[in-house]
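# Sequence unavailable; structure follows:
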């Protein structure tokens, strides 16, 4: 999610110990975990509410689909598929 490696996590832990001290570190870590869980639930609820309000056709909506570039590509792609499904009009050779 944050693309952190092992070295970066260890470095952040050492920095946290220096800045906050070892006695406050567990409570700060627990508060951070609670905050992240609240944010995750908020994002899930917002996504579910958005799916509900958009109506049919958006049941498989993902948060990454809300990126404007991906949303436009998906919309244009769906429109292009509908255009391709229609047969091309035939021209009467006698009219030429």
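Received, thanks. Remember, predicted model here, so these are calculated numbers, not experimental data.
# Show me which helix runs longest in this structure.
Assignment by DSSP state H gives helix 25-54 as the longest helix of the chain.
# Show me the domain layout of the protein.
With domains defined by automatic domain parsing, the chain comprises 1-54, 55-85.
# Can you say which of those domains is nearest to residue 94?
Smallest distance to residue 94 across these (Cβ to Cβ): 27.8 Å, for domain 55-85. The C-beta positions use only the backbone N, C-alpha and C, and glycine is treated the same way.
# The residue lying closest to residue 47 once chain neighbours are set aside: neighbour count?
Leaving aside its chain neighbours, residue 47 sits nearest to residue 63 (5.7 Å; criterion: Cβ to Cβ, 6 or more residues apart in numbering). When counting by other Cβ atoms under 10 Å, one arrives at 11 neighbours for residue 63.
# for residue 62, same thing?
Residues near residue 62, counting by other Cβ under 10 Å: 10.
# quick one: contacts for the residue nearest to it when sequence neighbours are not counted?
The spatially closest residue to residue 62, leaving aside those adjacent along the chain, is residue 47, at 8.0 Å (Cβ to Cβ, 6+ apart). The contact partners of residue 47, by Cβ atoms under 8 Å, 6 or more residues apart in numbering, come to 61, 62, 63.
# got those as a markdown table, with secondary structure columns?
Supplementary listing: the contacts of residue 47 in a markdown table, determined by DSSP: H, G, I helix; E, B strand; the rest coil:
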| residue | secondary structure |
| --- | --- |
| 61 | coil |
| 62 | coil |
| 63 | helix |
